[in-house]
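Visitor: need the 3D shape of this:
(one chain, ligands or ions: 1)
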Amino acid sequence: MGDPVSRAFGKFTYGVYVVGAAHGGRVNALTCAWVMRVSHRPPLAAVAVGKTRFSHDLIARAEAFSVNVLAEGQVELARRFGLVSGRDIDKFADVPYRTAVTGAPILKGVAAWLDCRLVGSFPAGDHTIFVGEVVEAWAGDKAPLRYDPRDYWG
Ligand SMILES: Cc1cc2nc3c(=O)[nH]c(=O)nc-3n(C[C@H](O)[C@H](O)[C@H](O)COP(=O)(O)O)c2cc1C
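Guide: Okay, here's the model as predicted:
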């Protein structure tokens, strides 16, 4: 079912990431599948964030963002950060996190994380591609969560 464009993109494989930022006393994050490495040297990560997301302007103002690589078994966290907006609730009210060097939030129990300083923003249709230079990173032993649309959209 669906149009050919959606069906073709439906064959793409993705991880599941929680991308966070903090600015002006507010911390927030959103679940993102559209995340990738875009340079070896310097190490750069890109994330496509919808212009209507609460996180969009927060990342732009913070000039920094974190990328939390969710681990297998963390679908509930992906749903929490991906199915409601920080405009309506404080997503971090009962989610333990710590603050990275840039001020961006790092979640507990993730497979890996990056802390990035924003080095570029590129308009891309209804999204903005934020490119960040990795200033700190960590990876543990857990396997990453793979994106499966049935976990989110029924
Ligand atoms: C699995 C999953 C992947 C998502 N990937 C993206 C993405 O790559 N970019 C994006 O802008 N929104 C993505 N979303 C939607 C946002 O996470 C969602 O709109 C979120 O509520 C925005 O939160 P905010 O308004 O607090 O920023 C995804 C949602 C889910 C559940």
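
Visitor: report the central residue of the protein.
Guide: In the chain, the centroid-proximal residue (Cα atoms, centre = their mean) is residue 19; its distance is 2.5 Å.

Visitor: so which helix or strand takes in it?
Guide: In the assignment (DSSP states H and E), residue 19 maps to strand 17-23.

Visitor: other SSEs contacting that strand?
Guide: For strand 17-23, the elements it packs on are strand 26-32, strand 44-50, helix 54-62, strand 64-69, helix 75-82, strand 105-107, judged by 3 or more Cβ pairs under 8 Å, 6 or more residues apart in numbering; DSSP states H and E. In short, each C-beta sits where N, CA and C put it, glycine included.

Visitor: dump the ones you listed into CSV; add distance to the ligand and mean neighbour count as well.
Guide: Converted to CSV, those look like this (distance: least, Cβ to the nearest ligand atom, whole Å; neighbours: other Cβ atoms under 10 Å):
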stretch, distance to the ligand, mean neighbour count
strand 26-32, 4, 23
strand 44-50, 4, 20
helix 54-62, 3, 20
strand 64-69, 11, 27
helix 75-82, 3, 18
strand 105-107, 12, 22
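
Visitor: redo these as JSON lines? Include mean pLDDT and distance to residue 143.
Guide: Formatted as JSON lines, the helices and strands packed on strand 17-23 follow (pLDDT from 0 to 100; distance: least, Cβ to Cβ, whole Å):
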{"stretch": "strand 26-32", "mean pLDDT": "98", "distance to residue 143": "18"}
{"stretch": "strand 44-50", "mean pLDDT": "99", "distance to residue 143": "20"}
{"stretch": "helix 54-62", "mean pLDDT": "98", "distance to residue 143": "26"}
{"stretch": "strand 64-69", "mean pLDDT": "99", "distance to residue 143": "10"}
{"stretch": "helix 75-82", "mean pLDDT": "98", "distance to residue 143": "13"}
{"stretch": "strand 105-107", "mean pLDDT": "98", "distance to residue 143": "16"}
